[in-house]
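Visitor: coordinates only, sequence not included:
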């Protein structure tokens, strides 16, 4: 591997490890049961964490490198979650534009994914996803390639998909774009749960307003998610320094 490619791969791994730390910091992890990945550079493989680690424990040197077919090529000493390559490998094969995939199941996301109609345009957070979200019917654990293919097909051309009664698949052209969608999706779902719990009439924006808001929100910055990503990284670095002093 050339030194230039090694540097690119090292950056991908550092950013992915940071994403695990951020998700842990935000409390969006589900103990050891969800997973984030990033496509490796110029190859048919991706990086993912070892099964059995808490997100807060993840660092760049423990990440596994796995072929889209599920074969481990780096990190063979670790245990591996089969659902990881079934979901992630299938999407990476179908969607060449996707460079990062987060699979999460927070209570708020599951709650919204489990009701008829799914995510509603009742908050500005939700409007990020207006006409830009897919849905996938519950099909137990994703343990075979047929299930993985169906997940990839149901995602279509979107970057976010609610998995009914299960959680969400959140993709990005960069790791920070996936993080951007993750944060806004969680906020949208928490807010929807809060609004519906009030049992009051709901104000819904007009269709034209929803379309304009979605366009404005997703074109507000050139490299979507990068500004927030820099903030998250500073927070994680600060927390790590504080932990070392204790």
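Guide: Received, thanks. A quick note: this is a predicted structure, and the numbers were derived from the prediction, not measured.
Visitor: can you pull out the helices in the chain?
Guide: For the chain, the helices defined by DSSP state H cover 3-26, 82-94, 107-113, 124-127, 145-155, 175-197, 207-218, 226-245.
Visitor: These into CSV, with extra columns for mean pLDDT?
Guide: Compiled in CSV, the helices of the chain are given as follows (pLDDT from 0 to 100):
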stretch, mean pLDDT
helix 3-26, 91
helix 82-94, 86
helix 107-113, 97
helix 124-127, 96
helix 145-155, 87
helix 175-197, 98
helix 207-218, 94
helix 226-245, 81
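Visitor: can those helices go into JSON lines with extra columns for mean neighbour count?
Guide: Every C-beta, even on glycine, is put in place using the N, C-alpha and C of the backbone. Supplementary listing: those in JSON lines, determined by neighbours: other C-beta atoms under 10 Å:
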{"stretch": "helix 3-26", "mean neighbour count": "18"}
{"stretch": "helix 82-94", "mean neighbour count": "22"}
{"stretch": "helix 107-113", "mean neighbour count": "20"}
{"stretch": "helix 124-127", "mean neighbour count": "20"}
{"stretch": "helix 145-155", "mean neighbour count": "18"}
{"stretch": "helix 175-197", "mean neighbour count": "21"}
{"stretch": "helix 207-218", "mean neighbour count": "14"}
{"stretch": "helix 226-245", "mean neighbour count": "12"}
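Visitor: and residue 166, which of those helices is closest to it?
Guide: Distance to residue 166, taken as C-beta to C-beta, is lowest for helix 107-113 among these, at 6.6 Å.
Visitor: distance between the ends of stretch 40-56?
Guide: Terminal residues of stretch 40-56 are spaced 22 Å apart (C-alpha to C-alpha, to the nearest Å).
Visitor: Same question for stretch 128-148.
Guide: Using C-alpha to C-alpha, the span of stretch 128-148 from its first residue to its last is 26 Å.
Visitor: Enumerate the positions of that stretch that are buried.
Guide: Using 16 or more other C-beta atoms under 10 Å as the test for burial, stretch 128-148 gives 128-130, 133-134, 136, 142, 145, 147-148.
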